[in-house]
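Q: below is the sequence, then the predicted model.
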Amino acid sequence: MKKLFLLSAAAVLISTGAFAQSTVVTTTGTGHAAAVQIEPEYRTKIKSYITEHRVRPVVTKEKIIVGATVPTDVELEAVPTDWGPSLTKYRYVYSGDRVMLVDPGSRVVVQEID
């Protein structure tokens, strides 16, 4: 019985690892997990948008990272529709050569665009 349980647990862990490779799951700081999936072509569009529109990076006292709350004095920008329909509910911040997707309700960074 113990072997069966261990084999089942191992199978679940392996399948979870395979799933994690295709979907990024991040916590929003409120204890809830939000799946943010960004297709490669949208990642390219996002990088191009930042360059073409010469978006100025914001400067903050502390580094903005995934899971952190963006300070209230930092303006959150609306996500353009051509970044993908699943991202329009978020806002973004460009900081330190990185685009960070932010949940506008909690101001928590949910994804870094690499």
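A: Received it, and whenever you're ready, just let me know what you need. Residues are numbered from 1 along each chain as shown.

Q: residues contacting residue 56?
A: residue 94 (C-beta atoms under 8 Å, 6 or more residues apart in numbering). Glycine gets a C-beta too; all of them are placed from N, C-alpha and C.

Q: how much space separates it from residue 84?
A: 23 Å (C-beta to C-beta, to the nearest Å).

Q: pull out the buried residues from stretch 107-114.
A: 107, 108, 109, 110, 111, 112, 113 (16 or more other C-beta atoms under 10 Å).

Q: got it, and stretch 98-107?
A: 98, 99, 100, 101, 102, 103, 107.

Q: can you show me the CA trace of that stretch as PDB?
A: Only the C-alpha atoms of stretch 98-107 are listed here, as PDB (Å, rounded to 0.1, in the frame of the first residue of the first chain):
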ATOM      1  CA  ARG A  98      12.200  44.600 -17.300                       C
ATOM      2  CA  VAL A  99       8.500  44.700 -18.000                       C
ATOM      3  CA  MET A 100       6.500  43.700 -15.000                       C
ATOM      4  CA  LEU A 101       2.800  42.800 -15.200                       C
ATOM      5  CA  VAL A 102       0.800  44.100 -12.200                       C
ATOM      6  CA  ASP A 103      -2.600  43.200 -10.800                       C
ATOM      7  CA  PRO A 104      -4.200  46.600 -10.700                       C
ATOM      8  CA  GLY A 105      -6.400  45.800  -7.700                       C
ATOM      9  CA  SER A 106      -3.700  44.700  -5.400                       C
ATOM     10  CA  ARG A 107      -0.700  46.400  -7.200                       C
END
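
Q: quick one: average pLDDT of it?
A: Across stretch 98-107, pLDDT averages out at 95.

Q: which residues sit against stretch 38-51?
A: Contact with stretch 38-51 is made by 24, 55, 80, 82-84, 86-87, 94, 99, 111, 113-114, as judged by C-beta under 8 Å, 6+ apart.

Q: quick one: mean pLDDT for it?
A: In the prediction, stretch 38-51 has an average pLDDT of 89.

Q: how about the helices in this structure?
A: 2-22, 40-52 (DSSP state H).

Q: lowest-pLDDT helix or strand in the chain?
A: Across the helices and strands of the chain, mean pLDDT, DSSP states H and E gives its lowest value to strand 24-27, namely a mean of 40.
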